[in-house]
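*Asks:* fold the following.
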Amino acid sequence: MSSVSKPNEQDDGLEAAVDQAIAVCGGDLRATIRAQIVANNFLEAEIVELRKTVSHAFARGRFRTHTG
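*Replies:* Model (predicted):
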């Protein structure tokens with residue numbers, strides 16, 4: 001039965017995060033959505049930079065994969 005409660009706990013956490021985001025934006029839903037889009041764009045830019053760094057390190061031999 002614990003598998004039944006886990007999705008509810010996750011939903012509660014998500015709902016709490018939504019409520020918190022709305023509260024931070026003073027209850028303005030458009031401002032909340034705008035803030036989330038800005039945050040998402042920032043995170044996407046960070047991913048691009050991290051991918052470049054990892055690719056560069058890999059090409060220079062500074063990043064080694066381990067097999068077996």
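*Asks:* could you list the low-confidence segments of the protein?
*Replies:* The chain contains residues with pLDDT under 70 at 1-7, 62-68.
*Asks:* now do the helices in it.
*Replies:* 2-24, 29-59 (DSSP state H).
*Asks:* for residue 35, which non-adjacent residue is spatially closest?
*Replies:* Using CB to CB, 6 or more residues apart in numbering and skipping the chain neighbours, the partner closest in space to residue 35 is residue 25 (6.0 Å). For every residue, glycine as well, the C-beta is placed using N, CA and C.
*Asks:* now do the phi/psi pair for that neighbour.
*Replies:* phi -90, psi 20 (degrees, to the nearest 10).
*Asks:* can you pull the contacts of it?
*Replies:* 31, 32, 35 (CB atoms under 8 Å, 6 or more residues apart in numbering).
*Asks:* state the distance from it to residue 31.
*Replies:* 4 Å (CB to CB, to the nearest Å).
*Asks:* cool, and residue 55?
*Replies:* Distance from residue 55 to residue 31, by CB to CB: 37 Å.
*Asks:* please say which of the two ends up with more neighbours.
*Replies:* residue 31 (14 against 11; other CB atoms under 10 Å).
*Asks:* residues in contact with that one?
*Replies:* residue 25.
*Asks:* quick revisit: wait, which of the contacts of residue 25 is closest to residue 13?
*Replies:* For those, the minimum distance to residue 13 (CB to CB) is 17.3 Å, reached by residue 32.
*Asks:* isn't the closest one right up against residue 22?
*Replies:* Yes: assessed by CB atoms under 8 Å, residue 32 is found in contact with residue 22 at 5.1 Å.
*Asks:* all set now, cheers.
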